[in-house]
Structure formats: structure tokens, C-alpha cells
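In: can't give you the sequence, but here's the structure:
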């Protein structure tokens, strides 16, 4: 498809080099204010209308977006799209802050602010007279809310405290 003149003044263009098969400039306005045909353009350079796909929704905890560019010289377009790529387990683990994993699988942050918050919560629950069967809700290292009974929380928080103290001593 040939370029239709005058081009839309709001459109964005990439300059593509036919010799190197690469984009040499992108997100450019049309070089002529009147939208007319470009005179004296190097034969190996072509203007491609940028068509941008909408960013897809995805779970950033398990995936990442990679930008794609599909060049269609015959249509004078370059389509900017997105691939959703699954993260490796190693990449997922790297996104979770340093933590202690309870016997129930809950990951608790071990930074100083989190340690203080859990110690204060335990004190408050003890002072309030909470029963062992009462439900306690904590925020894990990934930001999700996790529930457990108070008896389990007390057991897990002691193991958590021992882990944190061991970290402190090392």
C-alpha cells in the first residue's frame, strides 16, 4: 500500500533502512508540515506508519511484557505489539523480598519494619485476650492477605522470630 497524501499530521512514523533491515528512527512526525510527499529521500530509507497495539492485561507476578515490532514495507507500516512472556521460577523468586517461609507456606518479610509489625501484632493479640481459634490476617511478602488461627500464628511467629534473630547474629 502506498502512502496516501497528505498524511495525517497526528500520525507517527518510523524510518526504516532497507539495506540494514533496521529502524533508524521512530516516533517521528511527518517531515513536511503540509503532509506532502518527501522529495529527495534516500532510496534505501522508507517511512513506515506506526500502528500501536493496545497493551494487554497480564499478571506481573508471573509474566512480563516484551515489545515487538512487525515491519511491513509493502504496506508502509510498522506494528508495535506485545508478547506476554512467562517468568522463570528464578525470576519470580527474585521479585519476592527476603523472607521467612512458615510451615504453612506463608512468606513473611524479614526487614526490620516487618519484624516490628509482627511483634506488635502478637502483643496486641495477647493483650486483647484473643482465643487460639480466632482468625488472624497477615500480609505476606508478595502483598497477599493470609489467614490463620491465633494458635498457628503464635507458633509460626516464634519460628519467624528465631529465624530473624539468627539472621541478626550472622
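Out: Done, it's in. What you see is a predicted model, and the numbers here were worked out from it, not measured in a lab. Residues are numbered from 1 along each chain as shown.

In: What are the contacting residues of the lengthiest helix in the chain?
Out: Longest helix of the chain, by residue count under DSSP state H: helix 150-169. By Cβ atoms under 8 Å, 6 or more residues apart in numbering, the surrounding residues in contact with helix 150-169 are 100, 102-104, 106, 108, 110, 115, 118-119, 122, 125, 130-136, 138, 148. Yep, even glycine has a C-beta here, placed from its N, CA and C like the rest.

In: taking these one by one, which sit in strands?
Out: Judged by DSSP state E, the contacts of helix 150-169 include 100, 108, 135, 136, 138, 148 as members of strands.

In: Where neighbours are concerned, which of these has the most?
Out: Neighbour counts for those (other Cβ atoms under 10 Å) peak at residue 108, which has 23 neighbours.

In: Chain neighbours aside, what residue packs nearest to it?
Out: residue 100 (5.1 Å; Cβ to Cβ, 6 or more residues apart in numbering).

In: that older thread, drop anything exposed from the contacts of helix 150-169.
Out: 100, 102, 106, 108, 110, 115, 118, 122, 125, 130, 136, 138, 148 (16 or more other Cβ atoms under 10 Å).

In: Among these, which pair sits farthest apart?
Out: With Cβ to Cβ as the measure, no two of the buried ones among the contacts of helix 150-169 lie farther apart than 110 and 130, at 24.0 Å.

In: for this protein, which spans come out with low pLDDT?
Out: Within the chain, the set of residues satisfying pLDDT under 70 comprises 1.
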